[in-house]
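Visitor: Okay, structure incoming, though there's no sequence with it:
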């Protein structure tokens, strides 16, 4: 069984707590529109771990990537600060294979994806023809697997996926269905009994980094960032899988879209792409505005927003973060871009709370910055002793970017 030690930060609500669920995975971790189709183990060293929730309270399900708001925070309180093999663990369940997706929670069910048959870490051999992606339903109380639905990959697939394998997209769920995105194999909806309801194609391309964006439910729409598969943002009817609209120009984007409300009261779908952040109308897919990022790299982190301001991170060098006021029309770089900075993150998504932006860096630890008019970063000497103590308790490698 693979287990890891995780710590959380109670003073920042439940940042990325995932309803206290930890998915400890083995690390391996065409543009033509088509109509959807409707249809009525082997154990790997991988585990879904549930921490004790006897002292925690949560107001809502954790029904999608980064929680109900898509911004990685929760109203849960009295959370444990540490987990280990024998501390704050309610149960462990072995899964059929590895994956890099996050678990979601709806009622008494936990849903998670993994893959088997090919490119499984620690296992020799395997053929692309044997590659399957799995959606599993687990009982939240005891971790027992309620059902396991495997879907064969549509070939040809990549010979390998760097770092995270073939199951990186997190499911999304509502009261009716669970939705999964399996790259060129398609988007699938299952009911809560595990029966496939529909399948839809959003593109036929692949990439050596795989597909990582997760589905987003917005009203009657299911939003799919199909940048890898067709350089498109696609809206499907969540009940039938029918394509409602599609817009192109989604280049080098591995992040999950976020729907925000502009000061004028209308909603915007925000999606960072190479070189610019783009906003779209949920009802039509029309491009509302673009804003230059000055980031020349692929875009992986998902954005966050607070009080009508969008915060975007990305890139491996040069400009790595920026703030944009939502709203506007056309190119808003000169009017709505509030600041840019060379401090940021290439992969991890930020969280925002009480006017401060927080993120993890793979080598620098934790950073946080005031977010309003300028990106001013705290140094160690700026932190109170209580803040320093909290940060030290919560991550094994801690520093604030200076």
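Guide: Ah, there it is. Computed from a predicted model, the values in this text were never measured in an experiment. Numbering: from 1, shown residues only.
Visitor: can I assume residue 191 is in contact with residue 177?
Guide: Yes. Counting by Cβ atoms under 8 Å, residue 177 is a contact partner of residue 191 at 5.8 Å. Where you see a C-beta, it was placed from the backbone N, CA and C, and this is true even at glycine.
Visitor: Compare the two and say which one has the larger neighbour count.
Guide: When residue 191 and residue 177 are compared on other Cβ atoms under 10 Å, the one with more neighbours turns out to be residue 177, at 23 against 11.
Visitor: Now do the residue nearest to the spatial centre of the chain against residue 160, distance only.
Guide: Computing the C-alpha centroid of the chain and ranking residues by Cα atoms, centre = their mean puts residue 65 first, at 4.3 Å. Residue 65 sits 24 Å away from residue 160, going by Cβ to Cβ, to the nearest Å.
Visitor: cool, and residue 90?
Guide: Distance, residue 90 to residue 160, by Cβ to Cβ: 35 Å.
Visitor: Residue 101 belongs to a strand?
Guide: No. Residue 101 is assigned coil when assessed by DSSP: H, G, I helix; E, B strand; the rest coil, not a strand.
Visitor: on that earlier part again, pull the contacting residues for the residue nearest to the centre of the chain.
Guide: Residue 65 makes contact with 102, 104, 170, 172, 214, 256, 302, according to Cβ atoms under 8 Å, 6 or more residues apart in numbering.
Visitor: Let me have those in TSV, extended by neighbour count.
Guide: Below are the contacts of residue 65 laid out as TSV (neighbours: other Cβ atoms under 10 Å):
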residue	neighbour count
102	23
104	25
170	26
172	26
214	27
256	26
302	28
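Visitor: Any chance of JSON lines for those, columns pLDDT, distance to residue 234 and secondary structure?
Guide: Below are the contacts of residue 65 laid out as JSON lines (pLDDT from 0 to 100; distance: Cβ to Cβ, whole Å; DSSP: H, G, I helix; E, B strand; the rest coil):
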{"residue": "102", "pLDDT": "95", "distance to residue 234": "22", "secondary structure": "coil"}
{"residue": "104", "pLDDT": "97", "distance to residue 234": "21", "secondary structure": "strand"}
{"residue": "170", "pLDDT": "98", "distance to residue 234": "17", "secondary structure": "coil"}
{"residue": "172", "pLDDT": "98", "distance to residue 234": "14", "secondary structure": "strand"}
{"residue": "214", "pLDDT": "98", "distance to residue 234": "14", "secondary structure": "coil"}
{"residue": "256", "pLDDT": "98", "distance to residue 234": "13", "secondary structure": "coil"}
{"residue": "302", "pLDDT": "97", "distance to residue 234": "17", "secondary structure": "coil"}
